[in-house]
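A.B. asks: Next one to model:
(2 chains)
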Amino acid sequence: MLELSQVHKVYKVGAFGGGRLRAVRDVNLTVEPGEVVSLIGESGSGKSTIGKMVLGLTRPSSGRITFEGTDITTIRGHSARKEYYRRVQGVFQDPFSCFNPIFKADRVFEMIHTSYFPRTSDADWRDKVLDALATVRLDPGNVLGKYPHQLSGGQLQRLLIARALLLDIKLLVADEIISMLDASTRIDVLNLLADLKERGLGILFVTHDLSLGNYVSDKSVILRKGAIAEMGPTARVFDNPLHPYSRHLLSCVPQLHRTWAEVDAELKANPPEDVTLPTAPDEESAPLIEVEENHFVGIDQG
Amino acid sequence: MTLRVNDLKVYYQTLRGDVRALDGVTFDLADGEIMGLAGESGCGKTTLGKSMIRLDSRMRHVGGTIELNGKDVPIADDDAMVPLRYREISLIPQYAMSALNPTRKIGRMVNELLRARGVRPADIADELNRRLELVGLDTDVLNRFPIELSGGMKQRVVMVISTLLDPSLLIADEVTSALDVSTQRAVAESMVEFRDRGYVKSMIFVTHDISLVYQMADTIMVMYAGHIVEKAPAATIINEPKHPYTQMLIGALPEVGSTMVQGRLEGIPGTPPGLLNPPTGCRFKDRCPMAFSKCSEQPPLVEIEPGHWAACWKTG
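C.D. replies: Presented below is the predicted three-dimensional model:
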């Protein structure tokens, strides 16, 4: 459904734009309907840039991003872009800053109504809204007609997801959507993503938190400095990380029932086998090697 | 016994009345203890940390006492607190990364800070360099501006500065929350190292990330809506929590290795109560699956086994 092939993004940096920063380097990946793909990486790994490019908020420097066969960079004009956003939507990290505090929170639904479904009658639209709210498990009485400051972060985030659902979307880009939420409500939003996936929605789940990426996704992509370090089915990537960087990351994640010392001791006792990593012929490419079925490792960047 | 907090009440004054952010908090902190203070946003954990060092203009000390090394800490008296700050009690603030003055080189800022406390910077320069190296920083950072350092480096600089005068008590408020996992581990481990070397006697580590405090803390205290719900050794809180809130909170945390397919985790339905007019009795009762008639009275915090305190009628 969504396919990125050899996508690069180079930003101009420095006072006069003289410097170059390669934020995304030779990334190839796909998202299928009903599949959750986690993009996991530390700050500066290019994970959000990939999300932004998929949403058309910034253009790739080179490479192709195709959605259902169409190269999204060729989508020009207001109405064509609007059609694209009917099928692809994003939800972002900070739900508090996504709402205009002057207006009631459910105004976001009304805006979708007037701009995308002007012919739907008010009564039908209300049914649709109630339906979407039920999907995100919000009680309409608690959220409709309220101002953003009267709602919790979890409620606001679910309102934004409900807004995206009104648009009959095929792909949701979820960029760090739960990092601002409390532990007790976080898991509800994650479970919601899993329900949406059952309905055939493809989700690109951008996160820095390995345990969250692991919980919800089918495929995990670990990024480092813009290039893919490791990509594969989530269970394989987490049970048998092949790239030294993924192993390092996993050993640093605080776990609930094992301390860091125990994890280190275990790693020392059974040192994992080294795999041959691909080498990049130049500064630009980042080839992958398929070590086992659908499980790839990328270049070593020190 | 380093720190003894007894029935501490600190309210925020607002136009609509008092917000009871800390409503009767009692606990002890032993010498050399690192206590993780965990809870959701708005539970009062940051307020507790702040009230031990400085009450800002909206905060009002309503009742209760704090004792440090047997001496009373006069938290309501801003001037009397001055000699204690930095020397006895020190704080690494939330967003410490933006706590550095952007117009000063770090070395100059440290010198100004020390002089303000009546310490000659030259006397402490060697110690400063040694500690910077201990946390893995080049002493050259003193000649740099904060903007030239990465987030993790700034966090470590702030950590070294806050503990330079060997305080008895260090309050670390969400110090690792903005860091990447690998930097987070390095910072957390150097904090334990600081305790082991005696740079700080004991530490309160405020965080919302329970799995992180489990890695480094000796004990964990969980707060909910201005009250303490449970305090116990770290392993006990994780493996045998007694209070229903702690149990549900830990049950809601996904781990590396747990997936949707293996079993769905459940969140805690509902939201924490507002603290402007908090409900009477147990403040968790509206979200608690085990609530019964007695929960309309406030459960006391009792020691259910040595070192394990919980505030719930069902555990008593």
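A.B. asks: Average pLDDT for stretch A:239-246, rounded please.
C.D. replies: Averaging pLDDT along stretch A:239-246 gives 89.
A.B. asks: in it, what counts as buried?
C.D. replies: Within stretch A:239-246, the residues that count as buried by 16 or more other CB atoms under 10 Å in any protein chain shown are A:241, A:242, A:243, A:244, A:245, A:246. (Each C-beta comes from the backbone N, C-alpha and C, glycine too.)
A.B. asks: can you put the residues you listed in a markdown table and add distance to chain B and secondary structure?
C.D. replies: Shown next, in a markdown table, are those (distance: CB to the nearest CB, whole Å; DSSP: H, G, I helix; E, B strand; the rest coil):
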| residue | distance to chain B | secondary structure |
| --- | --- | --- |
| A:241 | 11 | coil |
| A:242 | 16 | coil |
| A:243 | 14 | coil |
| A:244 | 12 | helix |
| A:245 | 10 | helix |
| A:246 | 11 | helix |
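A.B. asks: Show me the two of those that sit farthest apart.
C.D. replies: A:242 and A:245 (10.0 Å; CB to CB).
A.B. asks: which neighbours do these two share?
C.D. replies: Common neighbours of residue A:242 and residue A:245, counting by CB atoms under 8 Å, 6 or more residues apart in numbering or on different chains, are residue A:230.
A.B. asks: what ranges do the strands span in the stretch 201-316 of chain B?
C.D. replies: B:202-207, B:219-224, B:227-233, B:302-305, B:308-310 (DSSP state E, counting those that start in this stretch).
A.B. asks: Just put the buried residues of stretch A:239-246 in CSV and tack on distance to residue A:223.
C.D. replies: CSV is the format used below for the buried residues of stretch A:239-246 (distance: CB to CB, whole Å):
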residue, distance to residue A:223
A:241, 14
A:242, 15
A:243, 11
A:244, 15
A:245, 10
A:246, 10
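A.B. asks: The residue in the stretch 201-302 of chain A that chain B sits nearest to is in what secondary structure piece?
C.D. replies: Across the stretch 201-302 of chain A, the shortest distance to chain B (CB to the nearest CB) belongs to residue A:215, at 3.8 Å. Residue A:215 is part of helix A:210-216 when elements are defined by DSSP states H and E.
A.B. asks: What are the buried residues along the host helix or strand of residue B:79?
C.D. replies: Element membership of residue B:79, judged by DSSP H and E, is helix B:78-81. Across helix B:78-81, burial judged by 16+ other CB under 10 Å covers residue B:81.
A.B. asks: which helices and strands sit right next to it?
C.D. replies: The helices and strands touching helix B:78-81, judged by 3 or more CB pairs under 8 Å, 6 or more residues apart in numbering or on different chains; DSSP states H and E, number zero.
A.B. asks: Would you mind pulling the contact partners of it?
C.D. replies: Outside helix B:78-81, the residues that reach it (CB under 8 Å, 6+ apart) are B:53, B:54, B:55, B:73, B:74, B:75.
A.B. asks: after that helix comes which helix or strand?
C.D. replies: Counting by DSSP H and E, what follows helix B:78-81 is strand B:89-92.
A.B. asks: Report the mean per-residue pLDDT for that following strand.
C.D. replies: 91.
A.B. asks: Alpha carbons of it, as CSV, please.
C.D. replies: In CSV, the C-alpha atoms belonging to strand B:89-92 read as follows (Å, rounded to 0.1, in the frame of the first residue of the first chain):
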residue,chain,number,x,y,z
ILE,B,89,19.3,20.1,50.0
SER,B,90,19.9,20.3,46.3
LEU,B,91,17.6,20.0,43.3
ILE,B,92,18.0,19.0,39.7
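A.B. asks: Can you get me a residue count around residue B:71?
C.D. replies: Other residues lying near residue B:71 total 10 when counted by other CB atoms under 10 Å in any protein chain shown.
A.B. asks: how much space is there between it and residue B:7?
C.D. replies: Residue B:71 is 18 Å from residue B:7, where distance means CB to CB, to the nearest Å.
A.B. asks: How about stretch B:303-312, which residues are buried there?
C.D. replies: Going by 16+ other CB under 10 Å, stretch B:303-312 has these buried residues: B:304, B:308, B:309, B:310, B:311, B:312.
A.B. asks: From these, pick the one nearest residue B:185.
C.D. replies: Checking the buried residues of stretch B:303-312 against residue B:185 by CB to CB gives residue B:308 as the nearest, at 27.9 Å.
A.B. asks: Can you name the residues bridging to that closest one?
C.D. replies: residue B:305 (DSSP bridges).
A.B. asks: I'd assumed residue B:232 was in contact with it.
C.D. replies: Yes. Assessed by CB atoms under 8 Å, residue B:308 is found in contact with residue B:232 at 4.1 Å.
A.B. asks: and for the two, which residues touch both?
C.D. replies: By CB under 8 Å, 6+ apart, the residues touching both residue B:308 and residue B:232 are residue B:242.
A.B. asks: Pull the contacting residues for residue 6.
C.D. replies: Assuming you mean chain A. So residue A:6 contacts A:26, A:27, A:28, A:62, A:63, A:64 (CB under 8 Å, 6+ apart).
A.B. asks: Let me rephrase: I mean chain B.
C.D. replies: Residues counted as contacts of residue B:6 (CB under 8 Å, 6+ apart) are B:26, B:64, B:65, B:66, B:67.
A.B. asks: Now render the residues you listed as CSV, adding pLDDT and secondary structure.
C.D. replies: CSV is the format used below for the contacts of residue B:6 (pLDDT from 0 to 100; DSSP: H, G, I helix; E, B strand; the rest coil):
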residue, pLDDT, secondary structure
B:26, 94, strand
B:64, 92, strand
B:65, 93, strand
B:66, 93, strand
B:67, 93, strand
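A.B. asks: Return the members of those residues classed as buried.
C.D. replies: B:26, B:64, B:66.
A.B. asks: Give me the phi and psi angles of the residue lying farthest from the centre of chain A.
C.D. replies: Outermost residue of chain A with respect to the C-alpha centroid, by CA atoms, centre = their mean, is residue A:269; its distance is 35.3 Å. With angles defined as degrees, to the nearest 10, residue A:269 sits at phi -70, psi -40.
A.B. asks: Quickly note the distance from it to residue A:263.
C.D. replies: 11 Å.
A.B. asks: Count the residues that sit near residue B:96.
C.D. replies: 23.
A.B. asks: Kindly indicate whether the residue lying closest to it once chain neighbours are set aside is helix, strand or coil.
C.D. replies: Nearest residue to residue B:96, sequence neighbours excluded (CB to CB, 6 or more residues apart in numbering or on different chains): residue B:158, at 4.1 Å. Following DSSP: H, G, I helix; E, B strand; the rest coil, the label given to residue B:158 is helix.
A.B. asks: is it true that residue B:158 touches residue B:99?
C.D. replies: Yes. If you go by CB under 8 Å, residue B:158 and residue B:99 touch, sitting 6.0 Å apart.
A.B. asks: In terms of neighbours, single out the busier of those two.
C.D. replies: Legend: neighbour count by other CB under 10 Å for residue B:158 and residue B:99, higher for residue B:158 (21 against 17).
A.B. asks: Next up, the contacts around the more buried one.
C.D. replies: By CB under 8 Å, 6+ apart, the neighbours of residue B:158 are B:92, B:96, B:97, B:99, B:100.
A.B. asks: and if we set it to 10 Å?
C.D. replies: Each residue near residue B:158 by CB atoms under 10 Å, 6 or more residues apart in numbering or on different chains is listed here: B:92, B:93, B:96, B:97, B:98, B:99, B:100, B:106, B:146, B:172, B:175.
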